[in-house]
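[1] Here is the input, now give the coordinates:
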Amino acid sequence: MYLYRLSHALGEAGHHVDIIHCIDAYLLLHQGEPEIKFDSHPNVTPHGLHTGYGWLSPLWTHQTGRSGFKRKYITNLLNSKPYDVMHYHNISLLGPEILTLTPPRSQAVKMYTAHEHWLICPMHVLWKYNSRLCEKPECFRCMILSGRPPQIWRYTNLLKKTSQHVDQFVSPSRFTAFMHAERGFLNPMAQLPDFMDRVDDDWEKPGPPPQEKPYFLFVGRLEPIKGLQTLIGVWNSLPDFDLLVVGTGKQEKALRAQAGPNPCIKFLGALPQRDLGTLYYHALACIVPSITYETFGMIIVESFARKTPAIVRDLGALPEIIHDSGGGFVYRTHEELLGAIRRIAASRTLRDELGEKGYRAFIERWSREAHLKLYFDFLRGVATYKYGYVPWEK
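    Residues are numbered from 1 along each chain as shown. All right, here's what the predicted structure looks like:
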């Protein structure tokens, strides 16, 4: 969602954006087209890499760290235009070698956003043995026990060498930058938070409530690390409120079975962004119970954009957003979660005050306007340091 929002925001500002992504890698885990379609933009051109070698292409990259079958296409694209900026995101199946590629006819600034912990974790999310938080690296054993082949290139100096070709590393949160430094990533990492579009201020013109009974909202992938399973038992103590669940994933069947006969837990499936605004707006609060180290909390910001508070687990970057905004509560135990739920449900005044704080912080910190200002400040600063001036402003 961040890449979609950023590319379209840049396109609407008059910039031309080319996006390189690997279809072969996508098809490894998801056969067929995505369920949810996104609008296109005339200034944004996606380039889907489909090598014809199927799973061999991402496997080669996974093992060697090199773009392999994809390199020729990427090089041809970089040769086609005098790019000003190269912005790397999730390059796990394009390989760290891609960091060394540079447009030959331009003075390009190169920036990398660490949306996940892939630079320091082959599993991306610091989720050890596919069962718990990673307290210390044991990557080889972790990959074997998690059902993935160990990556040969991680036992070389490839990442150290290729990362020197990046002018600026950024992360969405202070927590993520800290974790990278603690796990031995030597390149300095600045903070560039993610953002949420104003969605036409849909809090001003929301649709009707989806139901009469008051409810709390969960939005996210139905995977163990997102923590929905930790809410289901709690909801047996909350017959006065529903829990609406938006999302799908590998754990959906098991979660539905766990919820069983509880009529207060309702699964709504995957919904497009345009259908989420009303659900957010009318919720008493959005609950984010992730049990792994999130690098940001986009669901929290989406909630704040609709003047709805959030209740989040005290883990990873989630509490950072609450502390910076005052827009909700942080919990560690089930008792603290129940307490936060009941406090918000008992006082509409408190709920609305928290929602207003979250919305003000959203405008100041996590809106498109705030993000683009900081984004271009970073690019200008990096360009000035690298070249002594800003090439695209000459």
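
[2] now the stretch 51-200 of the chain, which segments are flagged as low pLDDT?
    Under the criterion pLDDT under 70, the flagged ranges of the stretch 51-200 of the chain are 199-200.

[3] just the helices in it please.
    Counting by DSSP state H, counting those that start in this stretch, the stretch 51-200 of the chain has these helices, from start to end: 56-64, 71-80, 139-145, 158-162, 174-182.

[4] Buried deepest among those, which one?
    Mean neighbours per residue, mean count of other Cβ atoms under 10 Å, is largest over those for helix 56-64, with a mean of 20. Where you see a C-beta, it was placed from the backbone N, CA and C, and this is true even at glycine.

[5] what's it packed up against?
    helix 23-29 (3 or more Cβ pairs under 8 Å, 6 or more residues apart in numbering; DSSP states H and E).

[6] For the helix it packs on, buried residues please.
    24, 25, 26, 28 (16 or more other Cβ atoms under 10 Å).

[7] quick revisit: turn the helices of the stretch 51-200 of the chain into a markdown table, including distance to residue 271.
    Shown next, in a markdown table, are these (distance: least, Cβ to Cβ, whole Å):
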| stretch | distance to residue 271 |
| --- | --- |
| helix 56-64 | 29 |
| helix 71-80 | 34 |
| helix 139-145 | 34 |
| helix 158-162 | 37 |
| helix 174-182 | 27 |
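
[8] sorry, back to before: and which of the buried residues of helix 23-29 is nearest residue 195?
    Distance to residue 195 across the buried residues of helix 23-29 (Cβ to Cβ) is lowest for residue 26, with 24.4 Å.

[9] dump the residue contacts of the residue at minimal distance from the centre of the chain.
    For the chain, the residue nearest the mean C-alpha position is residue 115 (5.7 Å; Cα atoms, centre = their mean). Contact partners of residue 115, counting by Cβ atoms under 8 Å, 6 or more residues apart in numbering, are 2, 89, 90, 172, 295, 296.

[10] how near is the second one to residue 22?
    Pointing back at residue 89 there. Distance from residue 89 to residue 22, counting by Cβ to Cβ, to the nearest Å: 12 Å.

[11] For these two, work out which one has more neighbours and name it.
    Neighbour count, other Cβ atoms under 10 Å: between residue 89 and residue 22, residue 22 has more, with 24 against 18.

[12] Skip the chain neighbours and tell me the closest residue to the more buried one.
    Nearest residue to residue 22 in three dimensions, chain neighbours excluded: residue 49, at 4.7 Å (Cβ to Cβ, 6 or more residues apart in numbering).

[13] unless I'm mixing things up, that neighbour is touching residue 26, no?
    No. If you go by Cβ atoms under 8 Å, residue 49 and residue 26 don't touch, sitting 9.7 Å apart.

[14] Just the element for the residue lying closest to residue 304 once chain neighbours are set aside, please.
    Counting by Cβ to Cβ, 6+ apart, residue 304 lies nearest to residue 358, which is 3.5 Å off, once chain neighbours are set aside. Using DSSP states H and E, residue 358 falls within helix 348-361.

[15] In this structure, what residue spans correspond to strands?
    Per DSSP state E, the chain carries strands over the ranges 17-22, 44-49, 85-88, 109-113, 127-128, 132-133, 168-171, 189-191, 215-219, 242-246, 265-269, 286-288, 310-313, 328-331.

[16] possible to save those as CSV with distance to residue 67?
    Below are the strands of the chain laid out as CSV (distance: least, Cβ to Cβ, whole Å):
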stretch, distance to residue 67
strand 17-22, 9
strand 44-49, 9
strand 85-88, 12
strand 109-113, 16
strand 127-128, 26
strand 132-133, 32
strand 168-171, 20
strand 189-191, 24
strand 215-219, 34
strand 242-246, 36
strand 265-269, 36
strand 286-288, 35
strand 310-313, 37
strand 328-331, 41
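
[17] Show me the one of the ones you listed that comes nearest residue 256.
    Taking the strands of the chain one by one with Cβ to Cβ, strand 265-269 is closest: 6.0 Å.

[18] Please save the CA atoms from the closest one in PDB.
    In PDB, the C-alpha atoms belonging to strand 265-269 read as follows (Å, rounded to 0.1, in the frame of the first residue of the first chain):
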ATOM      1  CA  ILE A 265     -16.700 -12.300  16.100                       C
ATOM      2  CA  LYS A 266     -17.500 -11.600  12.500                       C
ATOM      3  CA  PHE A 267     -15.200 -12.300   9.600                       C
ATOM      4  CA  LEU A 268     -15.700  -9.900   6.600                       C
ATOM      5  CA  GLY A 269     -13.000 -11.200   4.300                       C
END
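
[19] Which elements pack onto it?
    For strand 265-269, the elements it packs on are strand 242-246, helix 252-259, judged by 3+ Cβ pairs under 8 Å, 6+ apart.

[20] I'd like to know which of the ones you listed is closest to residue 103.
    strand 242-246 (40.4 Å).

[21] Mind listing the strands that closest one pairs with, and their directions?
    Partners of strand 242-246 in the sheet, by DSSP bridges, are strand 215-219 (parallel), strand 265-269 (parallel).

[22] what sits up against the first one?
    For strand 215-219, the surrounding residues in contact (Cβ under 8 Å, 6+ apart) are 228, 231, 241-247, 276, 279-280, 282-289, 299, 302-303, 308, 311, 341.
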